[in-house]
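Undergrad: only geometry, no sequence info:
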């Protein structure tokens, strides 16, 4: 029997694919139950119609659209960490790029599904193809998200090819389905110079292209709001604000997922505190930029003292949404910045706590972009009221759990660390155990 | 780490504690109606001189006031020896468009000026081409406090004075400076409240007018319609010289379109151009007057698609070309990547079942 050489790195990364552990299944069970609850709520909504939500004629975009914007935002994790750092040749990125790229794909899938859920009648999705007009930002959004999802799938797949070949060759022979799957997906990879050259070319092209595509996606999402004449939305800063916010929440999500995967699959030797530190410092920098943009947005709106602007700002600053608004500013922006700054991002728990706070704050920020503006009347009327129904909350919980479940399913079938890239990372010598060889 | 987690828990608790504390919206303060007005503008506010009073909790300025539906009389006592000011503006607005009365007492001289809010600044009405409409003014300084008293018309007719109407809500601005006797030094303290002028009890409107709204013309993208609001009294006769406000509510926003005055037939007209096809809900509103309560009407017009080019994009073809060129560029890079994957596959050798194939990149050579 031929001797198969499995390095310690491969063994560590491939182990979760074979034996993910009890905790893995426990978490999968909990997430699956939450997804089932969300699915049940969606069935109720399909049967009864959107009347089971709290959305009405005045506030027709609520929790679903807020969550859509949030998930499209966190999809920027892959773009920043993988593409930008790849273009700038930052070697430290290598152990975490795979996770970032996977987050992008799954966040896009979950985010896009929120729009379909918001439609009420999913069959009407086809209307955008049948009746869509190119002047409409909704159609721009549909096109840009479709292109981004396609590009992100390609960008996830490309660096997987050498690892798929490794799995094809080194998975235990009893895993027949997997070996068949990896054989199909590995594109006959053998590490030949010609194959490597073509892979590098494709990766280089995608790394450069995916950055403007990702920026365009969240800019276009912002234009869905910014191109209207509604108070709180009609703002020229919305594009950059959305993009920076997206990268901000994307990095926060990556930090959370890194911490979870590291703990769950015992990857402490590969995903190290330096990764949390570097990402934590990036989080801090983006926090400051976002605070600046937020200040600029609200100050510009408040200074002229227009009646509708004043009514909208009063809702946020001291009215119905003030608790959420101040939670966002203090809990989502200021406290995480203090956490990261005080610890200089050297403490992994501090960075993870900051990332959790950032994501809660950023979800609230998305909610506050959507709902208070719709609550502010355009014609003489009272301020509209909205609080999501149990159906909306359940679908939100299902979406978040679904995102986690997709990630866990990915971890079960594909290596969460790019083995070939980590092995090639010359500036970061591998730890001693990775030098050993294990016979099949 | 445990210490950090404890800190994090405390922070989370503190943040959670913020959540259940939405502050209640403040009720507007009321200026009472009184006829005849007994307040005397002499620079001193005596107890009981004014029918109403209010002490602002932010600036600690004490305001005494009364109106008789013609003039409003105000006594202002600030907690400093510098300037003090009061402003009446459109609801929800800070200073822009507000009628501001500001002054100070310097020795024996009292300066009280009729000014107008421009952005976050104020300029004397006279300087803008308007008039100083203060009917009476006086001031004094005692015990570290400044008292300013004045009387102004509720509707002076000056373009730089807001017309104060009973029953409507206005912004109330209050500000002062501790020591500066001028009109330019930034305030020590300032606040914004809302204000309502009490109606004359003998003139509370009870009659109900009827308001109708229709659109004349073909509702089509890029075309005009004339919105016509007809206001009739409860006796069926047209109400002339009434102000009708027009609003629109579209999927992309809109809001206030403009105001028009009813003619002798009770009709007020406003032109509107449809920028896009689809349903447009229009609202016409009559604010009411001394006899009639407010009335509102609405109508929805569905604009058809334009047969000509879109009015939103005048250079449709150029923009379409740009959009499709960009998309084609992105798609071609994707195609290039797919071709590279196919070439990778073509370069490699299909694994054979009998023999284990060679393994992956450098990693597997280690």
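TA: Thanks, I have it. The structure presented is a predicted model; accordingly, all values stated were derived computationally and were not measured. Residues are numbered from 1 along each chain as shown, chains lettered A, B, ... in the order given.
Undergrad: In chain B, what residue comes closest to chain A?
TA: residue B:348 (2.8 Å; CB to the nearest CB). (Glycine included, C-beta is placed from N, CA and C.)
Undergrad: Report whether the expected contact of residue A:374 with residue A:383 is present.
TA: No. Residue A:374 lies out of contact with residue A:383 (CB atoms under 8 Å); the separation is 10.2 Å.
Undergrad: more crowded one of the two?
TA: residue A:374 (20 against 16; other CB atoms under 10 Å in any protein chain shown).
Undergrad: Tell me if the helix or strand hosting the more buried one is near chain B.
TA: Element membership for residue A:374, per DSSP states H and E: helix A:348-375. Yes. Using CB under 8 Å from any CB of the partner chain, helix A:348-375 reaches chain B at A:349-350, A:353.
Undergrad: With stretch A:191-204 instead?
TA: Yes. Using CB under 8 Å from any CB, stretch A:191-204 reaches chain B at A:191-192, A:194-196, A:198-199, A:201-202.
Undergrad: Which parts of the stretch 101-250 of chain A are helices?
TA: According to DSSP state H, counting those that start in this stretch, the stretch 101-250 of chain A carries its helices in the segments A:127-130, A:137-157, A:161-170, A:176-185, A:193-226, A:238-264.
Undergrad: Could you list the single helix or strand in chain A with the lowest mean pLDDT?
TA: strand A:437-439 (a mean of 37; mean pLDDT, DSSP states H and E).
Undergrad: list the contacts for residue B:348?
TA: By CB atoms under 8 Å, 6 or more residues apart in numbering or on different chains, the residues touching residue B:348 are A:187-190, A:192, A:195.
Undergrad: among those, who's most crowded?
TA: Sorting the contacts of residue B:348 by how many neighbours each has (other CB under 10 Å) puts residue A:189 first, at 29 neighbours.
Undergrad: how near is that residue to residue A:399?
TA: 35 Å (CB to CB, to the nearest Å).
Undergrad: in stretch A:390-408, what counts as buried?
TA: Of the residues in stretch A:390-408, A:391-392, A:394-396, A:398-408 count as buried by neighbour count, 16 or more other CB atoms under 10 Å in any protein chain shown.
Undergrad: residues in contact with the closest residue to residue A:239 other than its chain neighbours?
TA: Of all residues not flanking residue A:239 in the chain, residue A:219 sits nearest, at 4.2 Å (CB to CB, 6 or more residues apart in numbering or on different chains). Applying CB under 8 Å, 6+ apart to residue A:219 gives the contacts A:239, A:242-243.
Undergrad: 10 Å - rerun?
TA: Listed by CB atoms under 10 Å, 6 or more residues apart in numbering or on different chains, the contact partners of residue A:219 are A:140, A:144, A:212, A:226, A:238-243, A:246.
Undergrad: Any stretches of the stretch 151-300 of chain B with poor pLDDT?
TA: B:250-254 (pLDDT under 70).
Undergrad: what does it have sitting close to chain A?
TA: B:171, B:192, B:245-257, B:276-277, B:281-283, B:285, B:287, B:294, B:296, B:298 (CB under 10 Å from any CB of the partner chain).
Undergrad: Mind giving me the ChimeraX select for those residues, buried ones only?
TA: Selection of buried members from those for ChimeraX, criterion 16+ other CB under 10 Å:
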select /B:171,192,245,246,247,248,249,250,253,254,255,256,257,276,277,281,282,283,285,287,296
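Undergrad: Which of the residues of the stretch 151-300 of chain B next to chain A fall within strands?
TA: Judged by DSSP state E, strands contain the following of these: B:171, B:192, B:245-250, B:253-257, B:281-283, B:285, B:296, B:298.
Undergrad: ok now do residue B:220, which residues does it touch?
TA: Contacts of residue B:220 (CB under 10 Å, 6+ apart): B:274, B:277, B:301-308.
Undergrad: need those in a markdown table with secondary structure and distance to residue A:15, can you?
TA: Below are those laid out as a markdown table (DSSP: H, G, I helix; E, B strand; the rest coil; distance: CB to CB, whole Å):
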| residue | secondary structure | distance to residue A:15 |
| --- | --- | --- |
| B:274 | coil | 64 |
| B:277 | coil | 60 |
| B:301 | strand | 67 |
| B:302 | strand | 63 |
| B:303 | strand | 63 |
| B:304 | strand | 65 |
| B:305 | coil | 61 |
| B:306 | coil | 64 |
| B:307 | coil | 67 |
| B:308 | coil | 66 |
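Undergrad: Pick the one among these closest to residue B:62.
TA: Within these, proximity to residue B:62 (CB to CB) peaks at residue B:301, which comes in at 52.5 Å.
Undergrad: Can you tell me the closest non-neighbouring residue to residue A:189?
TA: Nearest to residue A:189 is residue A:165, by CB to CB, 6+ apart, at 3.8 Å.
Undergrad: Give me the neighbour count for that neighbour.
TA: 30.
Undergrad: for residue B:267, which residues make a bridge with it?
TA: Per DSSP bridges, the residues bridged to residue B:267 are residue B:230.
Undergrad: Quick one: residues contacting it.
TA: B:212, B:228-231, B:238, B:240, B:244, B:260.
Undergrad: Select only the buried ones of those in ChimeraX?
TA: A single ChimeraX command selects the buried members of the contacts of residue B:267 (16+ other CB under 10 Å):
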select /B:228,229,230,231,244,260
